[in-house]
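**Q** predicted coordinates and the sequence they were generated for:
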2 protein chains.
Amino acid sequence: MIHLSHSNADESVPAEGRASDVVVDQIQRQILSGTLENDSLLPSERDLMEQFSTSRTVIREAVATLASRGLLEARPRFRPVVRKPGYDTALNSVGSIVQLMLQQEGGIESLFASRVFVERGLVRDAAVSANREDISALKEALARNKNAIADSETFYETDMAFHGVLYGIPRNPIFPAIHIAYCSWLKPHWGQMLRSPERNEVNYASHVAIYTAILERDPDAAEEALATHLSTAWEYVRETFGAS
Amino acid sequence: MIHLSHSNADESVPAEGRASDVVVDQIQRQILSGTLENDSLLPSERDLMEQFSTSRTVIREAVATLASRGLLEARPRFRPVVRKPGYDTALNSVGSIVQLMLQQEGGIESLFASRVFVERGLVRDAAVSANREDISALKEALARNKNAIADSETFYETDMAFHGVLYGIPRNPIFPAIHIAYCSWLKPHWGQMLRSPERNEVNYASHVAIYTAILERDPDAAEEALATHLSTAWEYVRETFGAS
DNA sequence: ATCGCATCTTGGTTCTACCAAAATGTTCTC
DNA sequence: GAGAACATTTTGGTAGAACCAAGATGCGAT
């Protein structure tokens, strides 16, 4: 049973829940409807307190709730800024728990395995249904990747960008969000990997293999290329520092 | 009166964050370490306020934060109960935002498409690497599914259970959590579908097809069977009520 | 025009108080 | 003595005032 449903749009009298809930609901509505423009600053707590004719306690609680949902971005001493929700912010808001999960036994392995699973499916689909634009996007990303072999820092970025193109191919906004999430979650562990032009060369070659397989419309080859690519990269990460 | 006890330069904390953060951190630690037993009740706010020698405000704020992270389950007028985090609670805590996303144009389609994507990969892998136990689990789920054809309610459950077996095959704790999330998120929209023994019969036949393909170690057939299964079911849902 | 200081604003925190509902204890009844 | 009805205590939710410190602002001096 899921209890998180903001179930009722109660305009009627009965059993008031938390007072902050109605404030949350109102502000949420204002954000979604655009009354509160995206990237704009939320009114001061004292203003809101007057606007909703309630105490500051309630306002603060509501703001905290909305912030935890990702609809507001509240840095400690600053005015909260309005963030219209997207799939990325949704996944972002789980970040804190995910970080906990990752510290547990096998956490990183599980997450990485899920990523491999997803990308295997992505490259299969890409091999089947990538159109001209997708292909050229991959080609461009590949070119940038090649040019960055000497510079490990930008190579890392172009590496992610290349994989990011794959996430864009399904034309489903959820996938790019997942990609961003994977990158941000794995970065702390992945980023410690020793990088070198030699390693970059190897990874670039893997990308080429994936690209080629997609180009040749060979799902199995594409999947295979990606699987070996990621697993070897993962092995390299593992041996860089003992499994935590 | 200890006002500024740990206000600044306390320990390794670089910037003077919120006071509630240290409380959040402490309680979180206690939950993870088991000092606060799972399913037990959190001490009263006034106790905590004494324990951490701080005001009730920050305690409440900390509790709210932990609740939003899913480490506490806080019903309006009751004592919060401790919930040791799992992948399921992690996904659960995004539920509220996801519900918002789903109300936007194409939200449900996107989510459902992602589910199809995932399950296509699952059945492929199942066809390749399912072991005896997996097969027998599928067989059992299938049998229960068949027995429930007459009763649409339990058929729905056994239907989900069958798909759930697929999510268990990778032996990756993330996947069952994803399954639960999909079910709970899609339930409000999916549950409105008109169900009938005839429809159940069709769906059961699809399950058999998937099972058979897995049994025959035919990934392509399995994927195909699942894709058609879900897409026809989806079409049926769509025509039941116009796309929202 | 720019820098620097005084001031205002605003978020973070504490405190006190009150209310209502939950939890607990007590008594009364059968 | 068990269970129901009632009284009391706990406890979470809300209000409101006050204070502090850091950001934001404005103004005057250079």
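**A** That came through, no problem.

**Q** which residues of chain A fall in strands?
**A** Applying DSSP state E to chain A gives strands spanning A:72-73, A:81-82.

**Q** out of those strands, which comes closest to A:E109?
**A** strand A:72-73 (31.7 Å; CB to CB). Where you see a C-beta, it was placed from the backbone N, CA and C, and this is true even at glycine.

**Q** what sits up against the closest one?
**A** If you take CB atoms under 8 Å, 6 or more residues apart in numbering or on different chains as the criterion, strand A:72-73 is touched by A:L42, A:V63, A:L66, A:A67, A:P80, A:V81, A:V82, A:R83.

**Q** any chance of those residues in a markdown table, plus distance to A:I97?
**A** As requested, the contacts of strand A:72-73 are arranged in a markdown table below (distance: CB to CB, whole Å):
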| residue | distance to A:I97 |
| --- | --- |
| A:L42 | 25 |
| A:V63 | 21 |
| A:L66 | 18 |
| A:A67 | 16 |
| A:P80 | 22 |
| A:V81 | 23 |
| A:V82 | 24 |
| A:R83 | 19 |
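
**Q** ok, and the closest non-adjacent residue to A:L42?
**A** Distances taken as CB to CB, 6 or more residues apart in numbering or on different chains place A:P80 nearest to A:L42, at 4.3 Å, with adjacent residues excluded.

**Q** so which elements touch the one helix or strand in chain A whose mean pLDDT sits lowest?
**A** Least confident helix or strand, chain A: helix A:87-92 with a mean of 81, by mean pLDDT, DSSP states H and E. If contacts are counted by 3 or more CB pairs under 8 Å, 6 or more residues apart in numbering or on different chains; DSSP states H and E, helix A:87-92 sits against helix A:174-190, helix B:95-103.

**Q** sorry, back to before: which residues does the residue nearest to A:L42 contact?
**A** So A:P80 contacts A:L41, A:L42, A:V63, A:L66, A:A67, A:L72, A:E73, A:A74 (CB under 8 Å, 6+ apart).

**Q** pull out the buried residues from the residues you listed.
**A** The neighbour-count criterion (16 or more other CB atoms under 10 Å in any protein chain shown) marks A:L42, A:V63, A:L66, A:A67, A:L72, A:E73, A:A74 among the contacts of A:P80 as buried.

**Q** got the residues you listed as JSON lines, with pLDDT and distance to DNA strand D columns?
**A** As requested, these are arranged in JSON lines below (pLDDT from 0 to 100; distance: CB to the nearest atom of the strand, whole Å):
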{"residue": "A:L42", "pLDDT": "89", "distance to DNA strand D": "13"}
{"residue": "A:V63", "pLDDT": "92", "distance to DNA strand D": "13"}
{"residue": "A:L66", "pLDDT": "90", "distance to DNA strand D": "14"}
{"residue": "A:A67", "pLDDT": "90", "distance to DNA strand D": "16"}
{"residue": "A:L72", "pLDDT": "90", "distance to DNA strand D": "16"}
{"residue": "A:E73", "pLDDT": "89", "distance to DNA strand D": "13"}
{"residue": "A:A74", "pLDDT": "87", "distance to DNA strand D": "13"}
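
**Q** from those, pick the one nearest A:P188.
**A** A:E73 (20.9 Å).

**Q** roughly how far does that closest one sit from A:L91?
**A** 15 Å (CB to CB, to the nearest Å).

**Q** now A:E224
**A** When A:E224 is compared with A:L91 (using CB to CB), they lie 29 Å apart.

**Q** show me which of the two is the more surrounded one.
**A** A:L91 (24 against 16; other CB atoms under 10 Å in any protein chain shown).

**Q** ok, the more buried one - contacts?
**A** A:A177, A:I178, A:I180, A:A181, B:V94.

**Q** outline the domain layout of chain A.
**A** A:19-85, A:92-240 (automatic domain parsing).

**Q** can I get those domains in CSV including distance to DNA strand C?
**A** Rendered in CSV, the data for those read as follows (distance: least, CB to the nearest atom of the strand, whole Å):
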stretch, distance to DNA strand C
domain A:19-85, 4
domain A:92-240, 17
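
**Q** what's the per-residue pLDDT of the spatially most central residue of chain A here?
**A** Taking CA atoms, centre = their mean, the centroid of chain A lies closest to A:A181, which sits 2.5 Å from it. We have a pLDDT of 92 for A:A181.

**Q** please apply the same query to the one 5 residues further on.
**A** In this model, A:L186 is scored at 85, pLDDT.

**Q** okay, now the unreliable bits of chain A?
**A** A:1-17, A:241-244 (pLDDT under 70).

**Q** for chain B, what is the nearest residue in chain A?
**A** Taking CB to the nearest CB, chain B has its nearest neighbour within chain A at A:S68, 3.7 Å off.

**Q** assess the claim that that residue and B:E61 are in contact.
**A** No: under the criterion of CB atoms under 8 Å, A:S68 makes no contact with B:E61, lying 10.9 Å away.
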